[in-house]
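Enquirer: Compute the structure for the input listed below.
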Amino acid sequence: MDNSGVNVYRLKTGKNFGTYLVQPCLIEKEGVGLQWANYYPGGKSIWVDENEKLVAEPITFMGEEDGLNPCEIQIPKKNKLQNDFIQKHSDYNINFELYSEELVAEKQIAEYNKVDQAFAIIKESNDTKLKAKSLAILGMEAYGWSLAKVKATLTKLAIENPSKIIDKCEESDYKGKYLAAMAIYSNVVKQNDMGSAVVWNSGLEGVILELAKGEQPIEKLGEFLTRSTNESLTVLQTIGEKIDEINAKALEVAVPEVAESEKDKEIAKLKAMLSAMQEPSEEVKDYVRFIGGLDLKGTQDEYVKRFTNLPPAQSKNIQWLKNKLKE
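Expert: Numbers count the residues shown, from 1 in each chain. Below you'll find the predicted structure:
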């Protein structure tokens, strides 16, 4: 059937028999606000208050007798008022939509492109890096999963809901989450046994940040690493000192022989990512300049403000005190 002269609208609700009546609704009118609208054949517009002497005509979607296709309605393209009302209706693109084979094909192509984009994101030959990506994308529920489950879950997600992978990777804190995941998988940091904090591991001690009930370590640590505070920069610096260990973990593969040049490339990438996040804020730079101008008494006072007590062995060592304050 030739539909070149009509617009075909179909229900998105899955209903494929009976009827569906389009109700009058409130629509935003430019310069006025929300106004009641309906379809008035021969009217001036779709606005109820401009067609008080006319009778509105119902718009009804009809299902075919065989029930094979969703309910639809065909409206001549030259009927500007009816198309205007349908396309401005509050249910447009929610309960019903403009339909054509070309539009369907365009939507399918867009979805296929998203799938390709999602697969490009999760394509990873290195097992540790793939697990880190799964943590950054899926959250802590993916922690402890086998490699097979990680691959299967990400593959299924890329096919069924590629936008979730794409959107996650476009979030501003994704790089922070990824670095946090690398630190967790490299055993530099971990969640404590009570699940109440992210703490140092591998011989280091101390709490990095507290976790409220229900908070995810990977997300909170990722958010923390993207800040430009003294504390977050100190944590980044410590992780930076362990970067070779992190990369060694990240570059583990099933076959032990890995070209040294490939290792160097991967290490350089992660170091560049970390370096970009370690750039101190102007506030931090100002504080460092302030510390540099203090005499011994001023340095001691500032140290007590931040750390309460002066260490007896270093209480008069101005350079040591200043270095601690700059951390």
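
Enquirer: Residue 124 and residue 180: what is the separation?
Expert: Distance, residue 124 to residue 180, using C-beta to C-beta, to the nearest Å: 17 Å. Placement of C-beta: from N, CA and C, glycine included.

Enquirer: the more surrounded of these two?
Expert: Between residue 124 and residue 180, residue 180 has the larger neighbour count (other C-beta atoms under 10 Å), namely 30 against 16.

Enquirer: pretty sure residue 61 is in a strand, no?
Expert: Yes. According to DSSP: H, G, I helix; E, B strand; the rest coil, residue 61 belongs to a strand.

Enquirer: Count the neighbours of it for me.
Expert: 20.

Enquirer: you'd agree it is up against residue 69?
Expert: No. Taking C-beta atoms under 8 Å as the definition, residue 61 is not a contact partner of residue 69, at 11.2 Å.

Enquirer: what is in contact with these two at once?
Expert: Shared contacts of residue 61 and residue 69 (C-beta atoms under 8 Å, 6 or more residues apart in numbering): residue 10.

Enquirer: Let me see the confidence value for residue 91.
Expert: Residue 91 is assigned a predicted lDDT (pLDDT) of 92.

Enquirer: Kindly report the same for the one 5 residues further on.
Expert: If you check residue 96, the pLDDT there is 91.

Enquirer: Which strand residues bridge it?
Expert: On the basis of DSSP bridges, residue 96 is bridged to residue 11, residue 92.

Enquirer: Check the gap between it and residue 21 for me.
Expert: The value you get for residue 96 to residue 21, if C-beta to C-beta is used, is 11 Å.

Enquirer: Residue 147 too?
Expert: Look at residue 147 and residue 21: by C-beta to C-beta, they are 54 Å apart.

Enquirer: Which one's more surrounded, these two?
Expert: residue 147 (12 against 8).

Enquirer: For residue 191, see how far away the more buried one is.
Expert: Taking C-beta to C-beta as the measure, residue 147 and residue 191 are separated by 21 Å.

Enquirer: Which residue comes closest to the residue positioned nearest the centre of the chain once chain neighbours are left out?
Expert: Centroid-nearest residue in the chain, with C-alpha atoms, centre = their mean: residue 168, separated by 3.0 Å. Spatial nearest neighbour of residue 168, chain neighbours left out: residue 137 (4.7 Å); criterion: C-beta to C-beta, 6 or more residues apart in numbering.

Enquirer: where in the stretch 1-150 of the chain is pLDDT low?
Expert: Confidence mapping of the stretch 1-150 of the chain against pLDDT under 70 gives the ranges 1-3, 15-17, 64-68.

Enquirer: any chance you could map the helices in it?
Expert: With DSSP state H, counting those that start in this stretch as the criterion, the stretch 1-150 of the chain has helices at 80-88, 101-122, 127-138, 147-160.

Enquirer: Could you dump the ones you listed into a markdown table and include distance to residue 4?
Expert: Shown next, in a markdown table, are those (distance: least, C-beta to C-beta, whole Å):
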| stretch | distance to residue 4 |
| --- | --- |
| helix 80-88 | 15 |
| helix 101-122 | 11 |
| helix 127-138 | 44 |
| helix 147-160 | 35 |
